[in-house]
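J.: I would like the atomic coordinates for the input below:
(2 chains)
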Amino acid sequence: AQTVTQSQPEMSVQEAETVTLSCTYDTSESNYYLFWYKQPPSRQMILVIRQEAYKQQNATENRFSVNFQKAAKSFSLKISDSQLGDTAMYFCACETSGSRLTFGEGTQLTVNP
Amino acid sequence: DSGVTQTPKHLITATGQRVTLRCSPRSGDLSVYWYQQSLDQGLQFLIQYYNGEERAKGNILERFSAQQFPDLHSELNLSSLELGDSALYFCASSVAYRFETQYFGPGTRLLVL
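T.: Below you'll find the predicted structure:
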């Protein structure tokens, strides 16, 4: 079974600055996908970014990028030029051959004006 | 808007009762997943259906059951409800049965009194 750990329960950042959210995972499988989802106050789960483990290149989506360190089993999310709308709970998740998503505990990010 | 719809949005019921949560996946998606989000247990995978067949099972209680119909919509049935079943129940869908991004619906908030 896989596990996902987010060690930062809360973080805050000033608008327009950069912030990095940490995530570590553990799985015995060689093929897996990693995701970051955000959950704003509306409670909707919104996909932020996806990384396939077989890809060496780090995924990027506009202001969002990841630092995928496969050997260290680390998958951090960098948000550049933070905006007020980025305020949300961020969840790291792992999917292996079992198809289910295993989520971390979440990091509450607050962007301050 | 993810394209996944869930009804109802809110549900308030009493202990011992039975409720049915409904989910319609995105057009073209064959897989449906159910997740439970509670304060004490975080986000947990319950069950997955793919093209009408049960594909994977997680921490789903025996009092809970689900099915996927020929039109691919899914229902999650919760019976003999207990206070601890109060949670946000998400449905997600994806094109294939694994290694595809799961898109989440807005969730159904269940409150058991």
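
J.: helix, strand or coil for the residue positioned nearest the centre of chain B?
T.: Taking C-alpha atoms, centre = their mean, the centroid of chain B lies closest to residue B:34, which sits 3.3 Å from it. Taking DSSP: H, G, I helix; E, B strand; the rest coil as the rule, one finds residue B:34 in the strand state.

J.: Now it: closest residue in space, sequence neighbours ignored.
T.: Closest residue to residue B:34 apart from its sequence neighbours, by C-beta to C-beta, 6 or more residues apart in numbering or on different chains: residue B:46 at 4.2 Å. In this view, the C-beta of every residue, glycine as well, is placed from N, C-alpha and C.

J.: for the one helix or strand that neighbour maps to, packing partners?
T.: Assessed by DSSP states H and E, residue B:46 sits inside strand B:42-50. In terms of contacts (3 or more C-beta pairs under 8 Å, 6 or more residues apart in numbering or on different chains; DSSP states H and E), strand B:42-50 is packed against strand A:101-103, strand B:31-38, strand B:53-57, strand B:64-68, strand B:74-78.

J.: Go ahead and name everything in contact with the shortest one.
T.: By C-beta atoms under 8 Å, 6 or more residues apart in numbering or on different chains, the residues outside strand A:101-103 that reach it are A:1-4, A:35, A:37, A:91-95, B:33, B:35, B:42-45, B:92, B:102.

J.: Note down every partner strand of it and its orientation.
T.: strand A:88-95 (antiparallel) (DSSP bridges).

J.: Return the residues in contact with the closest residue to residue A:19 other than its chain neighbours.
T.: Excluding the flanking residues, the one nearest residue A:19 by C-beta to C-beta, 6+ apart is residue A:13, at 4.0 Å. Contacts for residue A:13 were tallied using C-beta under 8 Å, 6+ apart; they are A:19, A:79, A:82, A:109, A:110, A:111, A:112.

J.: ok, of those residues, which come out buried?
T.: Those of the contacts of residue A:13 that meet the buried threshold are A:19, A:79, A:82, A:109, A:111, by 16 or more other C-beta atoms under 10 Å in any protein chain shown.

J.: Would you map the strands across chain A?
T.: Counting by DSSP state E, chain A has strands at residues A:3-5, A:10-14, A:19-21, A:24-26, A:33-39, A:46-52, A:60-61, A:64-69, A:74-79, A:88-95, A:101-103, A:107-112.

J.: Neighbouring strands - and their directions - for the last one?
T.: In its sheet, strand A:107-112 lies beside strand A:10-14 (parallel), strand A:88-95 (antiparallel), with partners assigned from DSSP bridges.

J.: Check the secondary structure at residue B:84 for me.
T.: What three-state DSSP gives for residue B:84 is helix.

J.: Now do it against residue A:46, distance only.
T.: From residue B:84 across to residue A:46, the span is 27 Å (C-beta to C-beta, to the nearest Å).

J.: how about the helices and strands packed on strand B:42-50, which one is nearest residue B:106?
T.: Set against residue B:106 and scored by C-beta to C-beta, the helices and strands packed on strand B:42-50 come closest in strand B:31-38, at 12.2 Å.
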